[in-house]
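Engineer: Have a look at this fold, sequence not included:
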């Protein structure tokens, strides 16, 4: 009898994992990165020195359950593990459907708000788009491009720098704006909202102090609203800065971290700027290649590629 019960439990775990309903610990094992494949295969994304072989059935798994984070340390949320992409303008639904059917990706980044957002006019990004895209099987990564570090290195972000005289108030205000924008699109509490902070000079102490205070205030406000706080930046600038703050015992740091390091093998465990136990488990995204053009089902996009093991949006 005991063997029979064990067998039934194993079968049930497999069924639930493929349905996206298994606990995170079960679903997290369902989509390990696949082995390198042959270079130059049509329709398959690759990377310098590390082409990849894709299997459409292994695009990733979404697990529903308790995610550590939020104001009380635990919120109901979703985590996704697998391949994803982000692109400035949310694609139309026909493109999303074609990519869902033919691409290796199971998650998509969406730029839902923030005064420094490059594609400020999002023609396709509506509550209906969010709902229907999620129903089609996509997981979403909401990205908020708010005020940027006072020592941001990108000239195009200079007009949107953090007010060094009042970074906390600005972080609170923009956290409230992120909550409003997320709610308007149907991104429910429990969703991870990722604050996009472009590369900045981490050797400028006054600058990094103001930047950290803004990030902490934004994180606190987002959590009070019931959301998880995420953070995106360059691995060698913003991510290295927050890792230094974490080691120093700083409070109110993000629940999940999304680091950009291009041209290396995709990994959520081998980022040199992070300690092995930092932002684990299920709290890392690696943007490993950028500005690549791919086409599936006759629909072409220019994207950044991401390997994900982290919380995503909760819709409905």
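Structural biologist: Yep, it's here. The model shown is predicted, which means the values in this text are computed figures rather than measured ones. Residues are numbered from 1 along each chain as shown.
Engineer: Can you list the residue ranges for strands in this structure?
Structural biologist: 60-68, 74-86, 107-113, 139-144, 192-196, 228-234, 256-260, 284-296, 299-312 (DSSP state E).
Engineer: Identify the residues contacting residue 297.
Structural biologist: Residue 297 sits next to 97, 98, 99, 101, 102 when contact means C-beta atoms under 8 Å, 6 or more residues apart in numbering. Where C-beta positions appear, they are placed from N, C-alpha and C, glycine not excepted.
Engineer: tell me the contacts of residue 139?
Structural biologist: 60, 62, 78, 80, 84, 106, 107, 108, 312, 313.
Engineer: how close does it sit to residue 81?
Structural biologist: 10 Å (C-beta to C-beta, to the nearest Å).
Engineer: Now for residue 254: which residues touch it?
Structural biologist: Under the criterion of C-beta under 8 Å, 6+ apart, the contact list for residue 254 reads 195, 215, 219, 229, 230, 231, 242, 279.
Engineer: For residue 251, state which of the residues you listed is nearest.
Structural biologist: For residue 251, the closest of these turns out to be residue 219, at 9.2 Å, with distances computed as C-beta to C-beta.
Engineer: How much space separates that closest one from residue 302?
Structural biologist: When distance is defined by C-beta to C-beta, residue 219 is 31 Å away from residue 302.
Engineer: Likewise for residue 134?
Structural biologist: 23 Å.
Engineer: more crowded one of those two?
Structural biologist: residue 134 (19 against 13; other C-beta atoms under 10 Å).
Engineer: quick one: contacts for the residue nearest to residue 103 when sequence neighbours are not counted?
Structural biologist: Of all residues beyond its chain neighbours, the one nearest residue 103 is residue 296 (4.4 Å), with distances taken as C-beta to C-beta, 6 or more residues apart in numbering. By C-beta under 8 Å, 6+ apart, the contact set of residue 296 is 43, 98, 99, 101, 102, 103.
Engineer: show me the contacts for residue 220.
Structural biologist: With contacts defined as C-beta under 8 Å, 6+ apart, the neighbours of residue 220 are 171, 172, 175, 252.
Engineer: what is the residue nearest to residue 103 paired to in the beta sheet?
Structural biologist: With DSSP bridges applied, residue 296 shows beta-bridge pairing to residue 299.
Engineer: Tell me the confidence at it?
Structural biologist: Here, the pLDDT recorded for residue 296 equals 98.
Engineer: From residue 260, how far out is it?
Structural biologist: Residue 296 sits 24 Å away from residue 260 when distances are taken as C-beta to C-beta.
Engineer: Tell me the pLDDT of the closest residue to residue 79 other than its chain neighbours.
Structural biologist: In space, not counting the residues next to it along the chain, residue 79 is nearest to residue 282; the distance is 4.6 Å by C-beta to C-beta, 6+ apart. Taken from the predicted model, the pLDDT recorded for residue 282 is 95.
Engineer: Would you agree residue 282 is in contact with residue 309?
Structural biologist: Yes: using C-beta atoms under 8 Å, residue 282 is in contact with residue 309, at 5.5 Å.
Engineer: Pull the number of nearby residues for residue 205.
Structural biologist: 9.
Engineer: for residue 133, what are its contacts?
Structural biologist: When contacts are counted by C-beta under 8 Å, 6+ apart, residue 133 is found next to 93, 96, 108, 140.
Engineer: ok, of those residues, which come out buried?
Structural biologist: Buried positions within the contacts of residue 133, assessed by neighbour count (16 or more other C-beta atoms under 10 Å), are 96, 108, 140.
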